[in-house]
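Structure here, sequence nowhere to be found:
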């Protein structure tokens with residue numbers, strides 16, 4: 001990206017734009033090379049300007065939430081990385097429909113903040129998402145789930161911006177959710193979602209949140225760099241169980257290690273590279289397929305250049 005392109009991009013929006021940014025600082029696993037540009041649009045107008053600029057100059061772009069469920073290769077990302085974490089963080093109650101309260105949440109809202117917002121207003125239905133370290137946009141795009149609940153269970157509509165800059169709203173019946181995925185039109189960016197929740201007593205909600213927090217603490221690594229669950233659960237047995245049964249917990253390549261607490265988590269012990277993480281993933285897949293005949297599919301998105 002030449003100097004003229006950088007200056008023009010920086011002057012386009014109200015939000016911040018940085019260049020040659022190490023993405024390891026913006027991913028939960030702490031690995032990955034540099035991005036040509038990292039932009040934080042403040043609002044839809046900013047985002048539209050970036051998309052039009054990218055289209056005019058044939059520059060690729062990628063949307064990054066809080067960097068969970070993603071592995072950026074060591075070669076980094078060319079083009080513009082867009083983060084909605086600073087500008088799309090509005091949460092509000094917008095009405096009722098039948099016996100539900102409708103909550104609108106921007107794509108940049110942290111899930112933990114959303115759970116806190118609803119809990120403080122005696123609204124229930126999102127407690128299972130407590131502890132998932134992502135944003136609403138990422139959770140919708142990944143159809144995030146935990147403890148038997150998924151985003152598709154609570155979403156009522158999703159607003160998204162197309163590559164052209166136009167905004168469209170799709171109702172639940174128009175959305176196609178798969179396991180850990182929402183099928184989106186190519187190039188579309190989620191702006192916000194409307195979620196349907198119920199009402200309950202505050203102490204009941206707090207008890208649920210505490211219970212889910214305890215379960216997550218007991219079963220998953222915390223306070224260490226991970227990308228969340230590495231593989232999707234195949235039919236028959238959870239990926240973590242398969243990895244555990246093969247005695248792979250604790251196995252490492254370089255500074256990338258399979259968690260002793262949960263076999264489906266890879267931990268960065270401090271200076272792991274993306275290549276080490278990907279080599280460890282390949283080792284796990286080969287072991288599981290060779291000894292159990294089951295092909296594991298990555299749940300994390302793998303992006304960037306070698």
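That came in fine, so what should we check first? Keep in mind that what you see is a predicted model, and the values were worked out from it rather than measured.

Please tell me how far the closest residue to residue 248 other than its chain neighbours sits from residue 231.
Counting by C-beta to C-beta, 6 or more residues apart in numbering, residue 248 lies nearest to residue 258, which is 5.5 Å off, once chain neighbours are set aside. (C-beta placed from N, C-alpha, C; glycine too.) Taking C-beta to C-beta, to the nearest Å as the measure, residue 258 falls 11 Å from residue 231.

Common neighbours of those two, please.
Residues touching both residue 258 and residue 231 (C-beta atoms under 8 Å, 6 or more residues apart in numbering) are residue 284.

Tell me the buried residues in stretch 205-217?
205, 208, 209, 212, 216 (16 or more other C-beta atoms under 10 Å).

In JSON lines, list these along with pLDDT.
JSON lines is the format used below for the buried residues of stretch 205-217 (pLDDT from 0 to 100):
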{"residue": "205", "pLDDT": "96"}
{"residue": "208", "pLDDT": "95"}
{"residue": "209", "pLDDT": "94"}
{"residue": "212", "pLDDT": "92"}
{"residue": "216", "pLDDT": "86"}
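
Of those, which belong to helices?
205, 208, 209, 212, 216 (DSSP state H).

and which of the residues you listed is nearest to residue 109?
residue 209 (16.8 Å; C-beta to C-beta).

measure that closest one to residue 305 for me?
40 Å.

repeat for residue 160
27 Å.

Settle it for me: which of those two has more neighbours?
It is residue 160, of residue 160 and residue 305, that has more neighbours when counted by other C-beta atoms under 10 Å, with 23 against 11.

So what sits opposite the more buried one in the bridge?
Note on residue 160: beta-bridge partners by DSSP bridges are residue 168, residue 190.

need the helices for the stretch 201-306 of the chain, in chain order.
202-219, 239-245, 274-292 (DSSP state H, counting those that start in this stretch).

Quick one, which of those helices gets closest to residue 186.
Nearest to residue 186, of all these, is helix 274-292, at 25.2 Å by C-beta to C-beta.

Report the buried residues of that closest one.
Result for helix 274-292 [16+ other C-beta under 10 Å]: buried residues 274, 275, 276, 277, 278, 280, 281, 283, 284, 285, 287, 288.

do stretch 228-241 as well
When neighbours are counted by 16+ other C-beta under 10 Å, the buried residues of stretch 228-241 are found to be 228, 229, 230, 231, 232, 233, 238, 239, 240.

For the third one, give its distance to residue 28.
Taking C-beta to C-beta as the measure, residue 230 and residue 28 are separated by 12 Å.

mind giving me the domain split of the protein?
Per the record, the chain has its domains at 3-82, 91-219, 239-303, by automatic domain parsing.

Neighbouring strands - and their directions - for the one helix or strand residue 182 maps to?
Under the criterion DSSP states H and E, the helix or strand holding residue 182 is strand 181-183. Partner strands and pairing direction for strand 181-183 (DSSP bridges) are strand 176-178 (antiparallel).

what residues does the strand it pairs with touch?
Under the contact criterion C-beta under 8 Å, 6+ apart, strand 176-178 has outside partners 143, 150, 151, 152, 182, 183.

Just among those, which is most surrounded?
Using other C-beta under 10 Å as the neighbour criterion, residue 151 leads these with 25 neighbours.

Relative to residue 97, how far out is residue 271?
Counting by C-beta to C-beta, the gap from residue 271 to residue 97 is 50 Å.

cool, and residue 142?
According to C-beta to C-beta, residue 142 stands 25 Å off from residue 97.
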